[in-house]
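Student: kindly return the folded structure for what I paste below:
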Amino acid sequence: MQERQTKQKQIIYDALKTLDHPTATEVYGYLHESYPSVSRATVFRVLGGFAAGGKALELRAAGDETRYDYNVMPHYHARCLQCGKVADVEATGVPTEALAITADHGFSVEGYSVEFFGKCPTCQKKS
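Tutor: Have a look, this model is predicted:
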């Protein structure tokens, strides 16, 4: 059964594409003034549905609010440990050595995620 495309889903997806790896709270804040009828719960539910349906990626980091990425093509991420900013890092293939080691442990790999972390240029300037 195909999921129904509502106006609320479209404006939430447009906000996701406009913002850079936003949290659900950031999407809600971005939309709230222009679309006060879109509730916080709706934003959280729709973003979760996008992730479950493969229309967005969920980026989880311990202690941080989940961020979302509309770019579902294979790529890595870089995350600033100071301000939490996330940036895409283009990838050219799966780290084959890691896949071999994973297979040695009996895992059947269905996907992967790589995240680099450090300080973004803005936070480096502040230091």
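
Student: nearest residue to Tyr28 in space, please, no chain neighbours.
Tutor: Val43 (4.4 Å; Cβ to Cβ, 6 or more residues apart in numbering). The way it works is simple: take the backbone N, C-alpha and C, and place the C-beta from them, glycine included.

Student: so that neighbour: helix, strand or coil?
Tutor: Under DSSP: H, G, I helix; E, B strand; the rest coil, the three-state class of Val43 is helix.

Student: enumerate every residue touching it.
Tutor: Ile12, Ala24, Val27, Tyr28, Leu31 (Cβ atoms under 8 Å, 6 or more residues apart in numbering).

Student: the third one and Tyr70: what is the separation?
Tutor: Look at Val27 and Tyr70: by Cβ to Cβ, to the nearest Å, they are 11 Å apart.

Student: same drill for those two, tell me which one is more crowded.
Tutor: Counted by other Cβ atoms under 10 Å, Val27 and Tyr70 do not tie: Val27 has more neighbours, with 24 against 17.

Student: roughly how far is the helix or strand encompassing Asp14 from the heart of the chain?
Tutor: Assigning secondary structure by DSSP states H and E places Asp14 in helix 7-18. Remark: helix 7-18 is offset 14 Å from the chain centroid, using Cα atoms, centre = their mean, to the nearest Å.

Student: list the helices and strands the next helix or strand after that helix packs on?
Tutor: Under the assignment DSSP H and E, the closest C-terminal helix or strand after helix 7-18 is helix 24-32. Helices and strands touching helix 24-32, by 3 or more Cβ pairs under 8 Å, 6 or more residues apart in numbering; DSSP states H and E, are helix 7-18, helix 40-52.
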